[in-house]
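In: quick one: sequence plus predicted model below, questions after.
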Amino acid sequence: MNKVGFILKDYLVLLMILGLALVTAIIQPKFMSPANLNNIMRQFGPLILVALGMTFVIVGGFIDLSVAGTINLVAVVTITLIDPLGQVGALVAGLVIGSICGAINAGLILTSGATTQAEALFITFGMSTVYSSLALIYSGGSTFHFWDLKEMPNMFEAIGAGSVGPLSVSFVIFLGALALLWIFHTKMAAGRAISLTGGNKTAARLSGVPIERSIVLIYTIAGFMAALGAIVLFSRVTTASPVIGAGFETNAILAVVVGGTTLKGGKGSVLRTVMGVLLVILLNNCLNLLGVSSYMQWAARGAILVFAIWLDNRKEVQGNQL
Amino acid sequence: MDTAGSEIILSIREVTKSFPGVRALNGVSIDVRRGMVHGVVGENGAGKSTLMKILSGVYKKDTGTIVFDGKTIDHTTPYESMHRGLAIIYQELNLVNSMSVGENIFLGRFKEMKGMRGTHAKARELLDSIGCKVSTTKLVSELSVSTKQMVEISKALSFQSKLIIMDEPSTSLTGEEMSLLVKIIHQLKAQGISIIYISHKLEEIFDFCDVVTVMRDGNVIDTKPRGEFTRDELITKMVGRTIENEYPERSRQVGETLMEVKGINTRKLHDVSFTLRKGEILGLVGLVGAGRTETVRAIFGADRVRGHKVTIGGKPVTIHNPKQAKDAGLGLIPEDRKLQGLVLPFSVEQNISMASIDRFTRFGFLIKSLEKGIGARHVKSLGIKTPNTKVAIKNLSGGNQQKCIVGRWMEIGPSIFIMDEPTKGIDVGAKYEIYLLMKEIAEKGGAVILISSELPEVLNMSNRVLTIYDGRITGEFDPEHIPADVIMRAALGLGGAS
Amino acid sequence: MNNLYRLFTQQKAIVAIAVILLVMVAAGGDVSRIFFSSYNLLDMLDSSTILVILGLGVTLTVIAGGCDLSIGGILVVSGILSIQLQNFMPMPLALVLAVLFGTLVGFFNGFLVVQQKTEPFIITLGVGLLLTGVAQQLSDAHPVPANNPDFMNISNGYQFGDGQFTEGHFPGIPNLVIIMLICFVFFAWLIRYTSFGRNLYAIGGDYDVARYSGINVVANKWMTLVISGTMAALGGVLLSSKLNTGSAIYGDFTALVVNCGVVVGGTSFAGGVGGIWQSVLGLLLFGLLDNAMNVLNIPSWYQMMLKGTVIVAILWMDSYTQKRKRELV
């Protein structure tokens, strides 16, 4: 009986949201329309990419609240570099910038000797401000549009709205990233090192697992994925504003936690995060169709985050009752 | 000293206490009388601290009766215990470092003392009564250990304690500070307060204790007035035991020098140097806190220690972190397997393989079949009881968990295997298996450094024993031919023959 | 040299304030004159007061070993409520309810953190986010204007003067500052002269020792969050009064700034140290920083960056000094 309860808790949030979807489908038949389902698939892009990166940080036993700032910065810088550097050059530059932002985070955490998630939380929160302000300064507060450029950036347009066969380009990018990250996490030594670091840092250290390298990796990946997400995002909407990243960190963390990856670190997977993002998007979609205002949606997400964290905590407390 | 006359303040009868896999107290009975200083001696693991923790309410006894000041005590909390008049001063000291002396004495009783003024005034009184001059507003973090003890004693006095337990109080005291403590003890005695004095320092026991109890392996061996004991008798009773076939025969193929360590200096350790030979099991014997774990952690690169030199096989090696230690051929089974050794939510297989990831990695990719092989191999060779290698390691028993950690390092096959309390909390059967393993490692040309709080274990398994006292190496012995008493003496800092 | 290092890390706030003051003196000319004018100093005090009011509550939570990141969310919701509720009830009642909202949230936080033993940093962050959404909902993402001159007067009225800044004329002290001073005195007394206050130091200093000494660690820690929530709500009401509008935008950064200011002043996240004076000093530093940057005409985004950098630097220092204390790796 206890075991059933345990499993139920694991999937409680999943059941809740599926339940909500069911209710929505009943109340609003529009929910099942191909247009709506397509809409849902479209929304996958930026958030899932950021959340995949966030997964690594959390599995490694830390957290990253700076992704919003990174997204802001990468968005405005990349779009302005399209003319001088060409599309590919700008793309690469954007990804590099995001990775550097992540590496800076890791550097600060390592040099300060911070070992707890709380310390990382505050430092990355602070860096978010720094990156966001850099975005504002760089852009002068203005928003950049595709049509301001010398010529329409066809590659970015493709990323935003193009298709490869039946799938959208952004979906393909997502699949590619997912595959690579999953392989990295489950099949590569560096990925295993990250899981061990989050599982028990002391035991990992004493076993010769490269802790410092893992910390640098998790934040760099998070920064890289945030950059990738930023690129898909502004390609979608064909504009880049210095506040385009607002709210991404919360949604990303929510997706990871709702997907079942524990905040304590060690255990977790990118696949779970995919499910978590799906649930978050589903949640937003349902609330939209049910006519709930966007602000209440924000509040609802906050409430679910609190609930999911609480639930996660209970699981750990009970699970370690040796 | 007439001990028979005064009344009994504390009566312990047939108290037992077991922890998973270990019987800490085996029907212990002691009577403590009013106004007496009652010494308790025994080596590590004798059961002294378990008994004290039961008295003060941190642990709960399994069976037996305890009567204090006329009242039967069943289950109590540290708080209740203090209020009843039973105070305990731990080795680790129960003070809040960031607060002042006065506030610590009256922690949680601010209102009772009518605020800061009352707190400091009464604290001043108490400190003066034992001749301690420290200012009541000074922060505890700035005090010496000796002064901290006085603060704790004042705290005990503030509860009108009738019995004060002192657990190894003299460990960090200078001679002068010790005299002060003795003076205070006599003062307390004169006030009719009883003292239970736990110590390894036999001079102290013989100096001011009225009655002495010797404990060993969770039993009380003897309780007599101090005058009726001789020093030798005391030591013998502390260590003596019949040696059964608990241990395999020692391997005797000790060869040339494998590792040399020179000059480890830290806050705790002073110029620790020693050699390790091929094929030998080297035991480190010492009291808790003497510096055994610090020594091995320094060698293994687990702590930030610099300045010492390590040579292996004649060549100098740099070991600044565990990875370098691994590469140099060292392995470490840490003291606390739960906190430092196991990744609880992970599988048996992953726990075993985590130190040898390089071995099943090709071009950065993990070869799962190889990893599985590693897991299966060690489960088999070590006899680890688990339904399969994929279960989470937290589901295994302590003994099997420990074997997994051993297996983790066996995979690397270090030439120098450091084991810090390898058989703690493990059943007898599993223990023997680990002993055989140690022997096997030695016989194959490697070496083992063994730290254990169980003296018989170290003495029976080791080819050579180093005693450490207060951060210094005090002796080197052949446990096969030198009696345990002599070794114990060195570990107690007494050195030389009796 | 060692002493200088000690000074720098332990009295970060004082050193930083000294630096800023020096910079302002060195800037000379108009800048110095404006900065050190009574109008400006009072304005600076004025703008710091909200931070201080929030900081008083947060200080209690940090001393006890936790923190409260939901204060931003509570601030904005209470601020908006204080105005909107006036449409349904007399002002005094509206204000009381707005403040009680904070108390309620604090109680909920306490439940999650203390009773359920959840990590305070992240769960109060979640609650704060939740409330920000609620605030946006209530205000429909527009600033909510207040219509009541009495309401505005709560913060903006002057005592002992008439608020006129003319030559040789003492303008008086703004109500807001007086309220802040009263709260300040109360908390300073609380932390030093009551058993509740002293027990918090014990709990933060060594949780187990406090517990063994019979201190009700659960109830006390819970209480710190209740108080913190209440103060955040009070701050929200006063801020709305001061600006005469309630808005949802002030929440995000505030939680970080206040928690940070508290740490800067010397109340470390490690717990068991610090106090009201220290926290206030740290928060005044931020107020000073803001003001100085304004007087120096630094563009707002550069201000944001500078502030973010200062915050990261402070947190980095806090972790670094903790690391040195922990010798093991």
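Out: Okay, I see it.
In: would B:G375 count as being in a helix?
Out: Yes: assigned with DSSP: H, G, I helix; E, B strand; the rest coil, B:G375 falls within a helix.
In: burial count for it?
Out: 25 (other CB atoms under 10 Å in any protein chain shown). In short, each C-beta sits where N, CA and C put it, glycine included.
In: now it: closest residue in space, sequence neighbours ignored.
Out: B:E349 (3.6 Å; CB to CB, 6 or more residues apart in numbering or on different chains).
In: do whichever strand or helix holds A:R192 and chain C come into contact?
Out: For A:R192, the element it lies in under DSSP states H and E is helix A:189-199. No: judged by CB under 8 Å from any CB of the partner chain, helix A:189-199 and chain C are separated, with a smallest distance of 14.0 Å.
In: just the residues contacting that helix, thanks.
Out: With CB atoms under 8 Å, 6 or more residues apart in numbering or on different chains as the test, helix A:189-199 has contacts from A:56, A:58-62, A:184-185, A:203-204, A:207, A:209-211, A:213-215, A:217-218, A:264-268, B:343-346, B:350, B:354, B:357-358, B:361, B:364-366.
In: in this structure B:T386 contacts B:N400, no?
Out: Yes: counting by CB atoms under 8 Å, B:N400 is a contact partner of B:T386 at 6.4 Å.
In: can you classify C:L69 by secondary structure?
Out: With three-state DSSP as the basis, C:L69 sits in coil.
In: how close does it sit to B:V343?
Out: Computed as CB to CB, to the nearest Å, the C:L69 to B:V343 distance reads 30 Å.
In: which stretches of the stretch 151-300 of chain A form strands?
Out: Taking DSSP state E, counting those that start in this stretch as the test, the strands found in the stretch 151-300 of chain A are A:163-164, A:167-168, A:239-240.
In: what pairs with the first one, parallel or antiparallel?
Out: Strands adjacent to strand A:163-164 in the sheet, as given by DSSP bridges, are strand A:167-168 (antiparallel).
In: is the residue nearest to the spatial centre of chain A in a helix, a strand, or coil?
Out: Residue closest to the average C-alpha location in chain A (CA atoms, centre = their mean): A:A51, at 1.9 Å. At A:A51 the chain is in helix, as set by three-state DSSP.
In: is it true that it touches A:T273?
Out: Yes: using CB under 8 Å, A:A51 is in contact with A:T273, at 5.1 Å.
In: residues shared between the contacts of the two?
Out: Shared contacts of A:A51 and A:T273, defined by CB under 8 Å, 6+ apart, comprise A:255-256.
In: how about the residues of the stretch 101-250 of chain B near chain C?
Out: B:103, B:107-111, B:115-116.
In: dump those residues to TSV, plus neighbour count.
Out: TSV is the format used below for those (neighbours: other CB atoms under 10 Å in any protein chain shown):
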residue	neighbour count
B:E103	28
B:L107	26
B:G108	20
B:R109	19
B:F110	22
B:K111	14
B:G115	15
B:M116	17
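In: so which of those residues belong to helices?
Out: B:103, B:115-116 (DSSP state H).
In: just give me the least confident of those.
Out: Least confident entry in these, by pLDDT: B:G115, with 79.
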